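> model the following, please.
(2 chains)
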Protein chains: 2
Amino acid sequence: MMRIVLISALLAGAPVTQALAHEPPSALAAQTAETAPTLFALADWQSAAEAGDRYPLFTAERQRLEAEVRRAMAAGPNVPVPRDLGGGPTHEQHKANYKLIAGAGALYRLTGDRAYADFARDLLLAYAELYPTLGRHPVGRSSVKGRLFWQALNDSVWLVYASQGYDAIRDSLSDADRQRIDDDVFRRMARFFVEDNAAYFDRIHNHAAWAAAGVGMTGYVLRDDRLVEQALRGSRSDGSAGFLRQIDELFSPDGYYAEGPYYQRYALAPFIIFARAVQANDPERGIFDYRQGVLLKAVESVIQASYGGKIIPINDSIPEKGIDSEEIVTGVAVAFGQTSDPRLLSIVRTQGRTLLTPDGLAIARGLAEGRAQPFDFRSMSLSDGPNGDRGALALIRAGGADGQLLVMKNTQQGQGHGHFDRLNWLFYDRGAAVVTDYGAARFLNIEAKDGGGYLDENESWAMSTIAHNTLAVDGQSQFGGDWEHAEQFAMTQEAFDLSPGFQVARGRTGDAYPGVEMTRTLALVEHPELSAPLVIDVLRADGDRPRLYDLPLHFAGHIITQGFAARHAPEGRPVLGDRAGYQHLWVDAQSEAGEEPRSLTWLQNDRFYTYRFAASAPTRALLVESGANDPSFNLRREQALIRRMDGQADAVFYGVLEPHGAYDSRAETVEGSTSRIRSLTHVEGDDAVAVIVELVSGSRIIMAAADNAGPAATHSLNVAGEILTWTGPHARFDRPETAR
Amino acid sequence: MMRIVLISALLAGAPVTQALAHEPPSALAAQTAETAPTLFALADWQSAAEAGDRYPLFTAERQRLEAEVRRAMAAGPNVPVPRDLGGGPTHEQHKANYKLIAGAGALYRLTGDRAYADFARDLLLAYAELYPTLGRHPVGRSSVKGRLFWQALNDSVWLVYASQGYDAIRDSLSDADRQRIDDDVFRRMARFFVEDNAAYFDRIHNHAAWAAAGVGMTGYVLRDDRLVEQALRGSRSDGSAGFLRQIDELFSPDGYYAEGPYYQRYALAPFIIFARAVQANDPERGIFDYRQGVLLKAVESVIQASYGGKIIPINDSIPEKGIDSEEIVTGVAVAFGQTSDPRLLSIVRTQGRTLLTPDGLAIARGLAEGRAQPFDFRSMSLSDGPNGDRGALALIRAGGADGQLLVMKNTQQGQGHGHFDRLNWLFYDRGAAVVTDYGAARFLNIEAKDGGGYLDENESWAMSTIAHNTLAVDGQSQFGGDWEHAEQFAMTQEAFDLSPGFQVARGRTGDAYPGVEMTRTLALVEHPELSAPLVIDVLRADGDRPRLYDLPLHFAGHIITQGFAARHAPEGRPVLGDRAGYQHLWVDAQSEAGEEPRSLTWLQNDRFYTYRFAASAPTRALLVESGANDPSFNLRREQALIRRMDGQADAVFYGVLEPHGAYDSRAETVEGSTSRIRSLTHVEGDDAVAVIVELVSGSRIIMAAADNAGPAATHSLNVAGEILTWTGPHARFDRPETAR
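Have a look, this model is predicted:
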């Protein structure tokens, strides 16, 4: 291990030899001290200090942080005995403290003002006083409690941030203070993880990634090679666990993180921050090239898996969480430091923030110099699993960042934060969510809501299959709602095809419900007569015996036209069921079982959406809303359409979603409020089915989907007297009006 | 009547005598032609043309309009036979056409390009062809159908805008075309109002104001003094009706419009546009000084009655409607043209738009020259009624535009668009609505929702008393839900007091429910220990016999803590009642009757709100939501707390709303999630009551409210052993902790 540590006197103004100033940092190892900054090179800190107020974004960050730290300095250090769950006062104070330590350290490096270093020192000395007296957190309910926080995770985060601040000021300390903080804060906290909680530390999980990062950064700061090695290769230093193994196991070759984009955002921070430290101290490891640069791909893919600045809320996730979150600000800054990729600068413009570090300086400078390029949001399939063979997240786009995004969830379970939603889909248009995912039932950090943790309704509702836009069978969730069982089964994305104007994803699972083989083809289809692309959906279930099939469509917007007859319950609002999420649904309307095509039109974000649906056998249509059996008001109330087919073994569900028209509430004008589709019909053949969408002109769009996805198999279907023939899993045929 | 009409050759580049160019427009009357622009002086159009691209906002407007008009020119005139309700294609086309005529006229004046004049001419000639063939609109359901539109109102609006475009191009026409358009479009349409529908034309109502404006502007354009006179003084020209009478009757001395701010916005346009024309043609009338400048006060007051850019949604109103609406853009531009008030420029900045007229040019120039001043949103009471003696709308603010706004509705009924909500209140904080009003049940211009008009649920829900934050008695709406009956009764605002840190409004009505005298005192109260002001509420009802009292609080946000025990209905969701709006409420929770103080905390826009409430007798607390008995999904689903007291003749309801804390979802931090209030108690005396708010420090804020509002009466109350004495309707006493 080679350390980049420069003579600390550099910042204090002592003369530096020319050789020193011009040598690249790595060549200076021989002249290092044991106390100078190591997470960022002193020379980089000095460049940042010298930049002064030249780059507005960096100046703004510095001023913001100065105001914050100055306020805390005026109040004096506050290091309380831990007492609360997430969101409570002592929890928030310890969170504030690690930010203050990191911030004061950075400000010391940037301004040379010792008052900042002294404040960080005083805080750390208070921790040196407190920490050795602490046992397990008094009110933690997490399986692994922390000492400062109710879950060990937050203790890890404390270590990741506080170690950065400590690194920045360590050379300003007296030997006694340094020894005290080394021993009674950092070494003890590292020991808490690698010794007292080695099993936790050695997990392959984002919590353990934070722990590895905290321990590894402590190792670099304390010049403790053993800690660095344990961070990288596990508590036994044998490579069976630790940071490298976590990179191997948690990311797919495309940089997709097993728990999904929301946790990818969260997990990104320790991976990126620690990798930055590894790169600075052990450049020969080539950590950013590791696995073909998977960590930088992870930054790219979490941005691609966002829409309108918000992260796609599949699996446990808070729908408000955006790419302006602190973790992605960090990820983008560090990635830009490595790649100088100008597309990242336009993401920073959305974020409006950067880090107060040498990486952040590079960002601010790039922006000030006008180097930003648009970020190319585009269709892509993100493979899942360490080898990329456990399914994929399909992202299909048209029209760029604010155009259409069709998401198909063909990923594996995603561990304990995964939802039972294989073959689920989402749709976004013109900046807004249209076909939605509830996300997690959680009020992050709001103490009154169960300490800010996951609520009971997360399992009883948010994870359930019926809470998603995929088929629920016999009133149960996929895999019986048992995520550990579900973890054993991969998913199969059978096709991903980006033909112009006809982009298709197809998934299959026979595991989610034993005895039922489910295949779904989802396509984003453009047509010259339509102002926006359609989504065409064919979901096929082949069951071993008659089943109850429920296919929900959760949508955002206000219902404009219910295009089918249904009974409404005027006396009260019945509840749909008593388990598997059904107990949280109120029924507003229920149709008779019928075979006629039906439709539902709603208005969302000043555009109309008409969903047309049909099936291979008589089906009821139910309009429902979430919120039943929720005495603590933990759920948001959101609507869904459920298509219910009972008593069939085999079923095919057809659907077409059409965005149309525009409502301008300011000018009070409306256009295109009526659908451009005249009819939706379907044909079932021996080994394939077809959806026929007839437009008002008489033009027809025909999408055929074969039962099996073999790329070389040839299929044919008789559609209105015409034999359509194609090879492969799907095909599109367009017929003008005159061809009828 | 003196007309400002300049030689039309001026624009075409013919030489102008120096005398002409320097004389003020009014001196040029002798040299006018009968065809030159009269609604704006030719010289003003010429200045605007000469300004070229000097002022960015004006350039942007011109370019926007050019693009729109050019697109329509490429497609050719489209003047269909009327067929549809609001939102339908022919409806939207005729709306588009009057904008195109006005726009093409303005562009002709600004660019001198005859193609614009010719396009406006072609459109108008098509109307000259169509209009004489039309009878009453085929599908109108309005009491007075139009010919072009389903309601005569829209025909009036057509006339107001098309007359402006015609005025701008009239001098470019052949005599034959001009005669044809004069006679077959404008004179016929004017006759439709003043002769065929004289009773409608002579109403005192915003629809008639549009008609008067359209007819009057037609009069100026056609040089028809009689039409102008009828517009100003009614179809019989006797002053019993018409524009001046409408100004007299519809606006209070403070510029408050009887139907409330939403219709004030709408009504503003004809008043302001026509007044601008009167000022240009008959300046000796001093129309903008009429009634101490009431029309300019109306522009000011509609802006004051907005929050976060949206108009306060009392009475029938669409909550999304903002001060960026076209009518207020017009009002602000015309007002600025008269006053050059620099505060209006900051409103234009919010609007981002202005008119493509000489007034709009002045706006754009003012902005470009940096003359904008902040608009001073401030506490004010807007008197209601022609003489200002029929009640008032109280607007109480703290913290400026984005601070707190407490609205108390002490106004009269407000005609057919009024709601049964005397003594209602609303509260806004940090840019968002917190205590809310449903507004109207209407999807403006969405044809599928009952033609875009008011839905049945407007009367059955939105107008009802239970849909507002005021007392419903015996399960009925105020005045039995009969607005014509309610019109007979004024309201009384008994106090409006803007003492620093203690701003109070007080209203009384004994008419809304015969036999029940209701008095309410609402105060916005600041205290050094609180980060935001409290709202303190005392509502007293003195009934002639035992009654059922229901006091709702409609709020926006997600419930965090239900601070009282209540039964929830797990099996389904019962409906609260069967009439007067109750049939639209589902009951989620219901407590037993109790006397203990209770609370409810919710999170809205990243801030917590705790509402504490108590009463003079045992009261139930119900949590309800709108949406029951709504088979067409016409209602939004919004929550309310209802406090229900049964079997008492006299009742006092106490409430305290406390904004507290902040939730930062990006940084994942929370502060102040717990209330700073320890308890809420109350004392009832012989002629007064008091609310005692005890803060966590032990400090107490005491608000006393006397039963009667006499300013000279002295009252006293024993509060915790201390005799408090004061004079007048209300008083505040602060007691520090040590005083206990």
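
> tell me the domain ranges of chain A?
Segmentation of chain A into domains, based on automatic domain parsing, reads A:1-39+A:55-224, A:251-376, A:380-739.

> point out the most buried one among the ones you listed.
The highest average neighbour count among these, using mean count of other CB atoms under 10 Å in any protein chain shown, belongs to domain A:251-376 at a mean of 22. For the C-beta atoms, the positions are set from N, CA and C on the backbone; glycine is no exception.

> endpoints of it, how far apart?
Domain A:251-376 has its terminal residues 22 Å apart, counting by CA to CA, to the nearest Å.

> ranges for the strands of the stretch 401-550 of chain A?
Secondary structure of the stretch 401-550 of chain A by DSSP state E, counting those that start in this stretch: the strands cover A:404-410, A:424-429, A:432-435, A:472-473, A:492-499, A:502-513, A:516-525, A:534-554.

> tell me who's in contact with A:D196.
Applying CB atoms under 8 Å, 6 or more residues apart in numbering or on different chains to A:D196 gives no contacts.

> give me the pLDDT value at it.
pLDDT for A:D196: 95.

> and it, how far from chain B?
Distance from A:D196 to chain B, counting by CB to the nearest CB, to the nearest Å: 27 Å.

> what's in contact with stretch A:576-588?
A:457, A:460-461, A:464-467, A:472, A:475-477, A:481, A:568-569, A:573-575, A:622-630, A:635, A:640, A:642, B:572-573, B:633.

> send the alpha carbons of the helix or strand that contains A:V334 over as CSV?
Following DSSP states H and E, the helix or strand that holds A:V334 is helix A:326-339. The C-alpha trace of helix A:326-339 is given here as CSV (Å, rounded to 0.1, in the frame of the first residue of the first chain):
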residue,chain,number,x,y,z
GLU,A,326,-26.5,13.5,-1.4
GLU,A,327,-25.3,10.1,-2.4
ILE,A,328,-25.7,10.8,-6.2
VAL,A,329,-24.2,14.2,-5.8
THR,A,330,-21.2,12.3,-4.3
GLY,A,331,-21.3,9.7,-7.0
VAL,A,332,-21.4,12.2,-9.8
ALA,A,333,-18.6,14.3,-8.3
VAL,A,334,-16.3,11.3,-7.8
ALA,A,335,-17.1,9.9,-11.2
PHE,A,336,-16.4,13.2,-12.9
GLY,A,337,-13.1,13.3,-11.0
GLN,A,338,-12.2,10.0,-12.6
THR,A,339,-13.6,10.5,-16.1
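
> next secondary structure element downstream of it?
Past helix A:326-339, the next helix or strand by DSSP H and E is helix A:343-351.

> now the angle from that following helix to helix A:326-339?
If you take axes from the mean of the first three to the mean of the last three CA atoms, to 10 degrees, helix A:343-351 sits at 150 degrees to helix A:326-339.

> ok, helix A:343-351 near chain B or not?
No: using CB under 8 Å from any CB of the partner chain, helix A:343-351 never reaches chain B; the gap is at least 9.6 Å.

> could I get that helix in PDB with only the CA atoms?
Taking C-alpha atoms only, helix A:343-351 is exported to PDB below (Å, rounded to 0.1, in the frame of the first residue of the first chain):
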ATOM      1  CA  ARG A 343     -22.600  14.700 -19.600                       C
ATOM      2  CA  LEU A 344     -22.300  14.400 -15.800                       C
ATOM      3  CA  LEU A 345     -22.100  18.200 -15.600                       C
ATOM      4  CA  SER A 346     -25.600  18.500 -16.900                       C
ATOM      5  CA  ILE A 347     -26.700  16.200 -14.100                       C
ATOM      6  CA  VAL A 348     -25.000  18.500 -11.600                       C
ATOM      7  CA  ARG A 349     -27.000  21.300 -13.000                       C
ATOM      8  CA  THR A 350     -30.100  19.400 -12.000                       C
ATOM      9  CA  GLN A 351     -28.700  18.700  -8.600                       C
END
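
> secondary structure element for the residue in the stretch 151-300 of chain A positioned nearest to chain B?
The stretch 151-300 of chain A approaches chain B most closely through A:Y266 (9.9 Å), counting by CB to the nearest CB. For A:Y266, the enclosing helix or strand under DSSP H and E is helix A:261-281.
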